[in-house]
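> the sequence isn't on hand, but the structure is:
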């Protein structure tokens, strides 16, 4: 007996292929798309309620008894004014009640604005968004199998590609412009290259506090005025405000203060590495990340109560055999999923890293690694899934083809996040009865199948589902080559996100823009 | 500011590399392995308790009011004796109370024995096992990018490879021996090819009821006598006892009866395709699969109360655009995860399909598709994850290289299944304190890191975590080529599972064995 179900195509020919063709010819309205930004996860819970309470209490103990070193003087002033205690060892300690009060008063939601208002992200509860992030230093040349320095043009191209992909919801700068040696120019050109490539929300970093004023000026120009910028800040600051374990990153804290004052939302990013700069245990790395981000939350609210901040617990994995970073592991998936639960425990919008690979190329390893943490992050209801597209070589390399393929991968993950709708209609007992008793004996042409085929199902755009025979007839398309073809098509058009000529002229007059106009 | 954490290797050189080398040189005892068969999942719950109750009630309604057609006369006798009602339309309907009684009395656990007693599988609760299954008709030649007919030698090789992989826990026959045109010989040779290649638990199918007696005779010989076979049946019957929607597969039911009497555990396999032979909605496909498997459970217990049976709800996905099967989708992952929850709802050991791909080759698509459903099946606590390794082209093709790579993929999924241990030790507040205050400022050489590096972490065997520089120095190893090298190494040795010469001689005298001795 053959366990292989009979191919459906035979039945299809007699029962509904024409009807399905007609159904899929009709365009799907945006609100009927089967997946969309902000779908609610939360069905995956690796931590119990008791686990989360214990982790929180441990984080409070760490803050109260260990505290954080190396705050800048301005930070010491803000924090001690808020009720923190500066020890004779230079560490700032956080009374439990102060931290609990801050959690109680902090924002329950953050809006990350898009430049055109069409793709704003509402961060709250279990709402899930996927996007890029990182600081890759290389680009992956998939056909030459080479790593080469990443450039500002690569960054702009990544923004343009991301702008065209439905399942990439934001563009945090994923790579360094290594062709711009001056750090100030690099930071400013990173803003230009990203915001002129996509109208989706953008995240950027600043190397020094002294660069923030210029950046804010640039953003005022792009927005069309300070009021417009402050009304809808479409760029946020990715801020590594701590150097784990339990030390403030002095200069980054100063950057953070300036961003808060400039109206820029802040991602409070704690990127410990389990086994190196955080405990090797998953629970320990989460405790430390929560402690550090809680410290950041107190800091932000001491600078400006209610300022928008994202709880950026980003613990990373390590390969303990070699001591080198690893982001594609099951341990990584658990680290990020566990953090997502802690964000919900606190009721504070949060993000973590998932969907990156250790593999150097977009191969099978990359696929399984990216999906493992990407789908688990979504299922756990992570608000912001960072590094979710294009990241290879344990965050050292970025790949445009992989970014494009991630649109399929993340679309699939989002379908899992959406979950299973259970209702009388979806349980379909009446439909089963009508099909079996006096009916056609199959469901291919039922009105229910036809009406739901677009709204229930996600179809890959480059992923191939053809039979071996069809695949041979199509001359065995290569997945990565198809991604390259799509990249070339996207980049052959003009950027829809580019600035108007007047704005562009002002920007190019004021700043040394490296991208050709 | 750079969001890229500093590479750990620098710190590693000064703090613990030698100690870590020493720690990993020590062999890890089996009971300390970080992942193992039967780890407990259950942290993923796409269905609420209310959802499950509603699905169950819908399944009962379907059984009571629609029932199943096409039972063989023997089945009609068994079922009507048990309390089912044969309608004038030839359909057998199941009173709700009979089904509820059967669920209450059915086995809460099933043991699937290995031939050598070393890898028995205990199916109960949320215990998770991964293995092969299916009826692929082709082998994937990865280097020629070709599909060719699968043979008995391919099947034997798959068994030998699976025998050597820690994370492949059982070998259900994954492909058809297309070089054996006679169905009786094919079925018998499938038993020989699998059981002589692995001592792990094996699953096989039978084309006709008349072949079962010969198979049982063969198994008595392999076991060393009927009593030994009946004591530890190391081969189970994969039985497609239904032709969805809601029809018994007449001949397969007769096979099932014979297997039950012969002491062989039965996998009650309902393989509907959502949108073709089952409703297109995930909930509807689960309702129908549960109804069909509950009918099978009543049937099995009517033949022999308490006979070991696995609740095989295997709904598959369909690409509704084309009407062809699709197993690599997010919808598929939800179908199988939802079924796993229903098994727990009933408290009955169950299995479903996950970890298969629609891609024709072991490429990035294959990786993301395989991981998506594989990890979600495990997280949902599925007892038997079938089709979890080597399956391509929507179950039409089997690939030895992919089987080998699945060992890494499933190892990673199992790490996620294991979850997050939360205790005072793992939360590590004392370790954080010692590290930060007067300590080295990193965790690389702590006794906790060293003592847990093997028992907490899963390391891939072929997955590559090297830096781009190291990768270049290694001449950019290709993942699939490395899998081929491993395959050749495994197959160059003699099978450890082969039969002793005497047994082999008896088998070859009694049956036409196609594999060379």
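Done, it's in. Just so we're clear, the structure is a prediction, and the values are computed from it rather than from any experiment. Numbering: from 1, shown residues only, chains lettered A, B, ... in the order given.

> mind listing what's buried along stretch A:332-349?
The neighbour-count criterion (16 or more other C-beta atoms under 10 Å in any protein chain shown) identifies A:332-346, A:348-349 as the buried residues of stretch A:332-349. Every residue, glycine included, has its C-beta placed from N, CA and C.

> out of those residues, name the ones that lie in strands.
The strands, defined by DSSP state E, take in nothing from the buried residues of stretch A:332-349.

> is the residue in chain A sticking out farthest from the centre in a helix, a strand, or coil?
Outermost residue of chain A with respect to the C-alpha centroid, by C-alpha atoms, centre = their mean, is residue A:438; its distance is 50.2 Å. Under the three-state scheme (DSSP: H, G, I helix; E, B strand; the rest coil), residue A:438 adopts coil.

> what does the nearest residue to residue A:254 once chain neighbours are set aside show for phi and psi?
Using C-beta to C-beta, 6 or more residues apart in numbering or on different chains and skipping residues adjacent in sequence, the residue nearest residue A:254 is residue A:209, 3.9 Å away. Phi and psi for residue A:209, reported as degrees, to the nearest 10, are phi -60, psi -30.

> show me the contacts for residue A:209.
Under the criterion of C-beta atoms under 8 Å, 6 or more residues apart in numbering or on different chains, the contact partners of residue A:209 comprise A:251, A:254, A:255, A:257, A:258.

> out of those residues, who's the most crowded?
Using other C-beta atoms under 10 Å in any protein chain shown as the neighbour criterion, residue A:255 leads those with 26 neighbours.

> which secondary structure state does that residue sit in?
State at residue A:255, reduced to three classes by three-state DSSP: helix.

> could you do residue A:455 as well?
Three-state secondary structure (criterion: three-state DSSP) places residue A:455 in coil.

> separation between it and residue B:335?
Using C-beta to C-beta, to the nearest Å, one gets 17 Å for the distance from residue A:455 to residue B:335.

> quick check: residue A:126 touching residue A:40?
Yes. With the criterion set as C-beta atoms under 8 Å, residue A:126 and residue A:40 qualify as a contacting pair; they are 4.4 Å apart.

> comparing those two, which residue is more hemmed in?
The residue with more neighbours, out of residue A:126 and residue A:40 and counting by other C-beta under 10 Å, is residue A:126; that gives 20 against 15.

> strands along the stretch 301-450 of chain A, start to end?
Using DSSP state E, counting those that start in this stretch, the strands found in the stretch 301-450 of chain A span residues A:309-313, A:317-319, A:324-326, A:351-353, A:384-386, A:391-392, A:397-398.

> give me the contact list for the longest one.
It stands for strand A:309-313. The set of residues that contact strand A:309-313 without belonging to it, under C-beta under 8 Å, 6+ apart, is A:106-107, A:110, A:123, A:236, A:265-270, A:286, A:289-290, A:292-293, A:296-297, A:300-301, A:339, A:342-343, A:346, A:348-352, A:383-384, A:386.

> if we go to 7 Å?
Counting by C-beta atoms under 7 Å, 6 or more residues apart in numbering or on different chains, strand A:309-313 makes contact with A:110, A:123, A:265-270, A:289-290, A:293, A:297, A:300, A:339, A:342-343, A:346, A:348-352, A:384, all of which sit outside it.

> surely residue A:213 is within a helix?
Yes. Assessed with three-state DSSP, residue A:213 lies in a helix.

> which residue packs closest to it, ignoring adjacent ones?
Taking C-beta to C-beta, 6+ apart, and ignoring the residues beside it in sequence, residue A:213 has residue A:258 as its nearest neighbour in space, at 7.3 Å.

> next one, pLDDT for the one you found please.
If you check residue A:258, the pLDDT there is 98.

> so what touches the helix or strand containing it?
When elements are defined using DSSP states H and E, residue A:258 is found to belong to helix A:250-261. Among residues not part of helix A:250-261, those counted as contacts by C-beta under 7 Å, 6+ apart are A:70-72, A:74-75, A:206, A:208-209, A:212, A:237, A:239-241, A:266, A:300, A:303-304, A:307, B:1.

> from residue A:477, how far off is the residue nearest to residue A:254?
When distance is defined by C-beta to C-beta, residue A:209 is 50 Å away from residue A:477.

> and for residue A:268?
In this structure, residue A:268 and residue A:477 are 44 Å apart, going by C-beta to C-beta.

> which of those two has more neighbours?
Under the criterion of other C-beta under 10 Å, the comparison of residue A:268 against residue A:477 puts residue A:268 first, with 28 against 13.

> ok, what's across the strand from that one?
residue A:239, residue A:311 (DSSP bridges).

> list the contacts for it?
When contacts are counted by C-beta under 7 Å, 6+ apart, residue A:268 touches A:239, A:241, A:293, A:296, A:297, A:300, A:309, A:310, A:311, A:312.

> wait, a helix at the fifth one?
Yes. Assignment of residue A:297 by three-state DSSP places it within a helix.

> give me the low-pLDDT residue ranges for the stretch 201-350 of chain A?
Per-residue confidence of the stretch 201-350 of chain A (counting by pLDDT under 70) places no residue in a weak region.

> what parts of it come near chain B?
With C-beta under 7 Å from any C-beta of the partner chain as the criterion, the stretch 201-350 of chain A meets chain B at residues A:205-207, A:238, A:240, A:245-246, A:252, A:255, A:269, A:271, A:273, A:275-284, A:287-288, A:316, A:318-321, A:323-326, A:329-331, A:333-334, A:338.

> can you map out the helices along the stretch 1-150 of chain A?
A:9-14, A:17-25, A:49-65, A:73-82, A:96-105 (DSSP state H, counting those that start in this stretch).

> pick the most buried one from those helices.
Mean neighbour counts were compared across those using mean count of other C-beta atoms under 10 Å in any protein chain shown; the top stretch is helix A:49-65, at a mean of 19.

> and the angle from it to helix A:96-105?
Angle, helix A:49-65 to helix A:96-105, by axes from the mean of the first three to the mean of the last three C-alpha atoms, to 10 degrees: 130 degrees.

> helix A:49-65 - contacts with which helices or strands?
In this structure, helix A:49-65 packs against helix A:96-105, helix A:282-303, helix A:330-346, helix B:424-427, helix B:429-436, with contacts taken as 3 or more C-beta pairs under 7 Å, 6 or more residues apart in numbering or on different chains; DSSP states H and E.

> quick one: closest of these to residue B:135.
Nearest of those to residue B:135, taken as C-beta to C-beta: helix A:330-346 at 30.2 Å.

> nearest to chain B within the stretch 301-450 of chain A, name that residue for me.
Across the stretch 301-450 of chain A, no residue is closer to chain B than residue A:367, which sits at 2.3 Å (C-beta to the nearest C-beta).
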